[in-house]
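# Return atomic coordinates for the entry below.
(2 chains)
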Amino acid sequence: MNHRFLISLLLPLALCLPAALSAQSAQMEQGKRLFESQCGSCHGPLGNGGKGANLAQPQLRHATSDQALQSIIRRGIPGTEMPGSFLTPSQVSSIAAYVRTLGRVEPEQIPGDAGRGAQTYASLNCQTCHALGGQGGIIGPVLDDIGARRSAAYLREALVEPEASVPRGFLQLRVVTKDGRAFTGIRVNEDGFSVQFRALTGRLHSFWKDELETLDKEWQRSPMESYEAELTPGQTDDLVSYLVSLKGDT
Amino acid sequence: MKALLLLLVIAAPVTAQVPYERILDAASEPGSWLTYSGSYGAQRYSTLDQIDRDNVDQLQPAWIYQTRSTQKFEVSPLVVDGVMYITEPPSDATALDLRTGRPLWRYRRSLPQGIVTCCGQVNRGVALLDDQVFLGTVDAHLVALDARTGLVRWDVEVAEHTEGYAITVAPLALDGKIIVGIAGGEYGIRGFLDAYDPATGERLWRFWTVPGPGEPGHDTWSGDSWQRGGAPTWVTGAYDAELDLLYWGTGNPGPDFIGEVREGDNLYSESVIALDPDTGELKWYFQFLPHDIHDYDSTQIPVLLDADFEGVPRKLLLFPNRNAFYYVLDRVTGEFLVGKQFARQNWALGLDENGRPIENPETIPDLDGALVYPDDDGAANWYSPTFSPQTNLIYQNVRETGATYYLADATYEPGKIYMGASRRRISGEDPRGFLRALNPLTGDLVWEIQVHSPPWAGLMATAGGLVFSGTTEGDFFAADARTGEVLWRFQTGGGIYANPITYLSEGHQYVAIAAGSALINFALPR
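From the prediction side, this is the model:
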């Protein structure tokens, strides 16, 4: 083997590789930096989820292609809490490239048994407030795809400390009418002159604001109570595992 | 003889004209609405008083015109001689029969691909002069239409739309010229204000709102940043015929959120400019916000008022600015008289004695995010304030919401967003909106009405003792102009992003507002 030949073959490669690599790693560095400052608050600094979806998985539900991923970063996902951003094309592609690297980690192991969790879910009457597959209550959010939208850590917190993070669209109101009736409910809609809310009984109320004595907005309050005392750690694991399995594909 | 008479009758409307003198004297015919803000003084006040505090609760829709567009419907209609002239998004114009609401003609513009506008392909209305209707288009053309038929008389390119230029503003018709501004402050354009010959479409002058080499103010831009300096002119200004001065607000410098690449005061962005309408020569300017980095365009409607100020009669210019300060200037000289905060803000620690803001460094967008009040939609925006001589109050719809700004880089490419930050809204609170009545000479709050979301509706005051306003949730309402008591409201079913007008049809007063995709005309029952 002619070493000289090998060297001359490798030399140009060796010369340009570090340049390409450093350009690539600069892009990755920028993507990481932008991700941590602008996405980390919801998706977690490592991207494995929080209030926002777990992005550290090989397949993403909405971001099925690179193009879809970039479009989500730019425009958000309408009708969800995933916001859009004004970013330059190069920033969008750095973030997207970084998000794709997140998928190369080992999938998160969630302790607990989803099957037992389903039984716990039924026995604790979660369905009085939550709907699943079109069945159940309407006080809380629909849980059909909760496992795709939220991370395991977030879901655990939702059970133990529901008021720690109240999803958009669930604002608890405390209302006293001029004729002395008092209500607590979840806001359905509001404008300058009227408000509609669902009382915990499920009943819908609609008032003109001038019919009300007080209208208090309780931002970080929830009618869902903490299940910390009711659940053993094992049951909590099971329930979280069950919620994580709800990906909206049934 | 009979035939001749018939001919005369038919011929008569041909000369149904809106000469300049008629617009100048708009106050003498309150039944018409001849120019964007109702009059050159831009008070958007009407002396019509058939609809008043006592009967306004009977107001009901009389007719509705529906546009087919799903874009925001921001039009402020014009009304003259039994016809209403409106624009429909993106860049169409329609004449409606005032009696029945039926279209008389439609001008439908076919637009090229790849139009860029930051905030919707919208249009705020036409101008009328003599027998022509003037329309600006999102592909940055100015078009003159025959007022009787909607046929194109001429169509000129104002700027190159592929570079991010667009027209959304209603032009302003003056004596022998059509003034038109430009949008594109998020695309690194170089702003200007233009005048065109109504007969030919020939450009009479252009005032660059970002001065070029050798021009005064050029040194307020570092390097070649002036070439992408922004300072657009996308909201219709005001005119004082006696002083023969044209007043116009200018928008943000570009890139919106990155100051380092354009060191200096960045004249004449974020200013009100006073021009000689015959030559486009700058007579004076007042810069509200030197070196803006929060995208607070000062593109509001300047309101002209003659009043005693500290015991001396003065010609004033009132300017509730998107930056959350209310300004009073002397409109002869541009002298700063008053600057008073009228909405929640944290970007300025205050104004100095010359009206120059003392900026709060904590609100400079950075990589970790800076919380800024108001957000870049501002405390006010393009929608109209109104002044009522009856109550001697100025009214302003006020937006109170902040956002977190993360610095991002901005690379200039023609026709591409050139802003330099991304915005996150604040969760865990409802943004707030108000209709506020202010003392016009001090900016002091007199009363307020809280609405739900920050509004995008303009205001109009009438001699019936009323102020009309709308909400983003679709309520159109009338309040007692003295007290702020809401006397009437109507849920239109569509968000209101428009200014109200009022007019007479067959001797009866109507109030019109665009809401959702409908233009609703309200009247008292007959």
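
# Tell me where the model's unsure across chain A.
A:1-21, A:105-107, A:250 (pLDDT under 70).

# center of it - which residue?
By Cα atoms, centre = their mean, chain A has its centre lying nearest to A:G52, at 2.6 Å.

# what's near enough to touch that one?
A:G52 sits next to A:C39, A:C42, A:H43, A:G44, A:E81, A:M82, A:R149, A:R150, A:S151 when contact means Cβ atoms under 8 Å, 6 or more residues apart in numbering or on different chains. C-beta: built from backbone N, CA, C; applies to glycine.

# tell me which of the residues you listed is nearest to B:L438?
Proximity of these to B:L438 (Cβ to Cβ) peaks at A:E81, which lies at 36.8 Å.

# burial measure for the residue of the stretch 151-300 of chain B at minimum distance from chain A, as a count.
Chain A sits closest to B:E186 of the stretch 151-300 of chain B, with a gap of 8.5 Å, by Cβ to the nearest Cβ. Here the number of neighbours of B:E186 (other Cβ atoms under 10 Å in any protein chain shown) works out to 27.

# now the one 3 residues further on
Residues within reach of B:I189, counting by other Cβ under 10 Å, total 29.

# Phi and psi next, for the residue nearest to the centre of chain A.
Backbone torsions of A:G52, given as degrees, to the nearest 10, read phi -90, psi 170.

# Confirm for me that B:I496 is in contact with B:V451.
No - with contacts counted by Cβ atoms under 8 Å, B:I496 stays clear of B:V451, the gap being 10.4 Å.

# and the two? which has more neighbours close in?
A count of neighbours by other Cβ under 10 Å puts B:I496 above the other of B:I496 and B:V451, at 29 against 25.

# List phi and psi for that one.
phi -100, psi 120.

# residues touching it, list them.
The neighbours of B:I496, taking Cβ under 8 Å, 6+ apart as the test, are B:P455, B:W456, B:A457, B:G470, B:T471, B:T472, B:G474, B:D475, B:F476, B:I513, B:A514, B:A515.

# Mean pLDDT per helix and strand in chain B: which one sits at the bottom?
Ranked by mean pLDDT, DSSP states H and E, the weakest helix or strand in chain B is helix B:2-11, scoring a mean of 45.

# and which of the contacts of A:G52 is nearest to chain B?
For these, the closest approach to chain B (Cβ to the nearest Cβ) belongs to A:E81, at 8.2 Å.

# The closest one: helix or strand, and which one exactly?
Element membership for A:E81, per DSSP states H and E: none, as it lies in no helix or strand.

# In helices, which of the contacts of B:I496 fall?
When these are checked against helices using DSSP state H, none is located there.

# so which of these are also by chain A?
When Cβ under 8 Å from any Cβ of the partner chain is applied, the members of the contacts of B:I496 adjacent to chain A are B:T471, B:G474, B:D475.

# sorry, back to before: could you tell me which residues touch both of B:I496 and B:V451?
If you check B:I496 and B:V451 against Cβ under 8 Å, 6+ apart, the residues they both contact are B:T471, B:T472, B:D475.

# Torsion angles phi and psi at A:E213?
phi -80, psi -50.

# Helix, strand, or coil at B:Y510?
Secondary structure for B:Y510, judged by DSSP: H, G, I helix; E, B strand; the rest coil, is strand.

# Make sure it is actually in contact with B:L504.
Yes - using Cβ under 8 Å, B:Y510 is in contact with B:L504, at 7.3 Å.

# Please identify which of the two sits among more neighbours.
The residue with more neighbours, out of B:Y510 and B:L504, is B:Y510; 24 against 18, by other Cβ under 10 Å.

# Please name the residues that touch that one.
B:A62, B:T502, B:Y503, B:L504, B:N521, B:F522, B:A523.

# Kindly report the same for B:P500.
B:A457, B:G458, B:L459, B:M460, B:F468, B:S469, B:G470, B:F476, B:V511, B:A512, B:I513.

# Against chain A, how distant is the second one?
Right, the one you point to is B:G458. Distance, B:G458 to chain A, by Cβ to the nearest Cβ, to the nearest Å: 16 Å.

# again, but for the last one
Using Cβ to the nearest Cβ, one gets 15 Å for the distance from B:I513 to chain A.

# mind listing what that residue touches?
Contacts of B:I513 by Cβ under 8 Å, 6+ apart are B:A457, B:F468, B:G470, B:F476, B:T492, B:I496, B:A498, B:P500, B:L519, B:I520, B:F522.

# Excluding chain neighbours, what is closest to B:R314?
Distance criterion Cβ to Cβ, 6 or more residues apart in numbering or on different chains; nearest residue to B:R314, sequence neighbours excluded, is B:D330 at 6.0 Å.

# For the one you found, name its beta-bridge partners.
B:L316 (DSSP bridges).

# Could you count how many residues lie near it?
When neighbours are counted by other Cβ under 10 Å, B:D330 comes out with 16.

# What segments of the stretch 1-150 of chain B are helices?
B:2-11, B:20-24 (DSSP state H, counting those that start in this stretch).

# Also chain A?
A:3-38, A:40-43, A:66-75, A:89-102, A:114-123, A:146-149, A:152-160, A:233-244.

# any idea how far B:P454 lies from chain A?
Taken as Cβ to the nearest Cβ, the span from B:P454 to chain A is 11 Å.

# Would you check that that residue makes contact with B:P431?
Yes - counting by Cβ under 8 Å, B:P431 is a contact partner of B:P454 at 5.2 Å.

# Overlap of the contact sets of those two?
In contact with both B:P454 and B:P431: B:R399, B:E400, B:T401, using Cβ under 8 Å, 6+ apart.

# would you list the residues you listed in CSV and tack on secondary structure, pLDDT and neighbour count?
Listed next are those as CSV, based on DSSP: H, G, I helix; E, B strand; the rest coil; pLDDT from 0 to 100; neighbours: other Cβ atoms under 10 Å in any protein chain shown:
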residue, secondary structure, pLDDT, neighbour count
B:R399, strand, 98, 25
B:E400, strand, 96, 18
B:T401, coil, 95, 21
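
# could you dump those residues to TSV with distance to chain A?
Formatted as TSV, the shared contacts of B:P454 and B:P431 follow (distance: Cβ to the nearest Cβ, whole Å):
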residue	distance to chain A
B:R399	13
B:E400	14
B:T401	15
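
# report the longest strand in chain A, please.
Longest among the strand segments of chain A by residue count, using DSSP state E, is strand A:182-190.

# So which residues on chain A come close to chain B?
A:33-34, A:37-38, A:83, A:85-91, A:168, A:190-193, A:217, A:219-220.

# What's the PyMOL syntax to select whichever of those are buried?
Here is the PyMOL command that selects the buried residues among the residues of chain A next to chain B (16 or more other Cβ atoms under 10 Å in any protein chain shown):
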select buried, chain A and resi 34+37+38+83+85+86+87+88+91+190+191+192+193
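
# Give me the contact list for stretch A:159-174.
So stretch A:159-174 is contacted by A:51, A:81, A:140-141, A:154, A:157-158, A:182-187, A:195, A:197, A:214-228, A:231, A:236, A:239-240, B:427 (Cβ under 8 Å, 6+ apart).

# Which members of the residues you listed are classed as buried?
A:51, A:140-141, A:154, A:157-158, A:183, A:185-187, A:195, A:197, A:215, A:221-224, A:227, A:231, A:236, A:239-240.

# B:G237: what's its closest spatial neighbour, skipping adjacent residues?
B:W248 (3.6 Å).
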